[in-house]
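Student: just need the structure, nothing else, for what follows:
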Amino acid sequence: MFKRLIILGGLFIAITGFSFYALATHDQHSQASSQTTKEPALILYYGETCPHCKIVEKYIADNQLEQKLNIGQKEVYNNQTNSQELLTRAESCQLDLKNVGVPFLWTGSNCLIGNQPIIDFLKEQTQ
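Tutor: Okay, the predicted model is just below:
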């Protein structure tokens, strides 16, 4: 009887210790993965039916810039959250919100509007 209690007690301690270890490892992994999930360095705001946006998207695809630059893309015509985010970015660049449109590139600190200024900027970044 005493041996069974010792064995059960040891088993309980082992399982409890393993559980704490597994939880601690999971928490560290969750924190590390949430820290490494960052917003892209460049964000292209575009409209689904915008012809000027299609020119920029084609340039990005033709030059495989997704592999060279950390570019994210956010559609604004059908996504109110993305649209509001674009306006917030434009406001931070002190742009007149009545004249803000797409394509719109956020560089992390600067705003670019229009297909040619955006393409020129992307060319500079990849030379």
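Student: for the one helix or strand Phe121 maps to, which residues meet the burial criterion?
Tutor: Element membership of Phe121 [criterion: DSSP states H and E] is helix 115-125. For helix 115-125, the buried set under the neighbour-count rule, 16 or more other Cβ atoms under 10 Å, comprises Asn115, Ile118, Ile119, Leu122. Every residue, glycine included, has its C-beta placed from N, CA and C.
Student: look up how far Gln64 lies from the second one.
Tutor: Spatial separation of Ile118 from Gln64 under the definition Cβ to Cβ, to the nearest Å is 17 Å.
Student: quick one: the helices in this structure, in order.
Tutor: If DSSP state H is used as the criterion, the helices of the chain fall at 2-36, 51-62, 65-68, 80-92, 115-125.
Student: which stretch in these has the least confidence?
Tutor: Note on the helices of the chain: lowest mean pLDDT is at helix 2-36, with a mean of 55.
Student: gap between the residue sitting nearest the centre point of the chain and Ile71?
Tutor: Within the chain, the residue whose C-alpha comes closest to the C-alpha centroid is Glu39; the distance, by Cα atoms, centre = their mean, is 3.3 Å. As defined by Cβ to Cβ, Glu39 lies at a distance of 11 Å from Ile71.
Student: picking that back up, now for the helix holding Phe121, which elements pack on it?
Tutor: Other helices and strands packing on helix 115-125, by 3 or more Cβ pairs under 8 Å, 6 or more residues apart in numbering; DSSP states H and E, are helix 51-62.
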